[in-house]
Structure formats: structure tokens, C-alpha cells
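Model the structure of this input:
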Amino acid sequence: MSYQEKKALLNLGVYVIALLLYADYVHTHYWEEGMTTDELLVFWSKFLLITIPFQIVIHIISHIIINIMRGMANGGKIKDEVEDEFDKIIELKSTRNSMVFFAICFMGALGYLAWGKGVNHFFIAIVIGGVVSEVIDALSRVYYYRRGV
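The predicted structure follows:
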């Protein structure tokens, strides 16, 4: 398995685990039954506004961890990974797959609002769409590296 594949799978694992732990914490400590629509909007807005920088920090930490593990595996020597056109094409294709799926999920979430399903369904669809789009991005990267674009 190449470095890029390992990095994609590690990022995926760390992303999903961190989001699940954070969502469980928020649900346990801050969720209240019977919130009004205004309270729900505040709750979900805070959830998303905290989740985004939290996930960025988690990605940075996972990159540091994978580079430390590479250094230990190579006896302290880390070779610089050169990003060529092949890597850029794979990144573009996997990002495209991820963004198309997220756009579809966003339209579905808007459909929930249009059909009167409520704010919770909208935000849950957005969060699940974001998680699944990250999974699609990582799996697309692994697939394209193994296939050779």
C-alpha cells in the first residue's frame, strides 16, 4: 500500500472517529428534547461552527502522526514525497466525486425543509452528507491509486 493510500485511509479513520466522539459528547451534554426552532438553529449552528475547525485540527494532527510513523519505520529518515501530475489528477477526481455527492445530499436536505420535515432533518442530512463525502473522497483516492487512473 502506497503512502498516499495509507494517508487517505488514516485521514478517513481519524475523521470519522473524531466526529463520532464529538457528536456523542454534544448529544450527551447539550441536546435537549423539545427545543424550539430558534433553539435548534442555534444548537446546529454551534455544532457545525465548532466541528469545522475541530476537524481541521484533527487532520493536521493525523498528518503529524503519519509522518512520525513514517520516520520511525524508515529509521528517522523521511523522504520528501514529490507530488506529480498523477497525484494531482487523483486528488481532483476524488474531490469531484466527494463534492458531487455532497451537493446531492445538500439538495436532499433542502428537500427535507421544503417538505416540512424540520430543521433537525436538514442538519442531520448535512452532517451525514459531509461524513459520507469524506468516505467517498478517501475511498476514491485508494481506488484511483490502485487502478492507476
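
and the gap between the most centrally placed residue in the chain and Y143?
Closest residue to the average C-alpha location of the chain: E134 at 3.9 Å, with C-alpha atoms, centre = their mean. Going from E134 to Y143 by C-beta to C-beta, to the nearest Å gives 15 Å. The C-beta positions use only the backbone N, C-alpha and C, and glycine is treated the same way.

returning to what we had before: quick check: the residue nearest to the centre of the chain touching S98?
Yes. If you go by C-beta atoms under 8 Å, E134 and S98 touch, sitting 7.0 Å apart.

Now do the SS call for G34.
The three-state label given to G34 by DSSP: H, G, I helix; E, B strand; the rest coil is coil.

Quick check: the gap between it and M99.
36 Å.

same check, this time on E33
The value you get for E33 to M99, if C-beta to C-beta is used, is 35 Å.

What of L139?
Separation of L139 from M99 (C-beta to C-beta): 15 Å.

Same check on I50?
Taking C-beta to C-beta, one finds I50 at 23 Å from M99.

what's the answer for V142, then?
Distance, V142 to M99, by C-beta to C-beta: 18 Å.

before we move on, what about V132?
V132 sits 12 Å away from M99, going by C-beta to C-beta.

With that, I have no additional questions.
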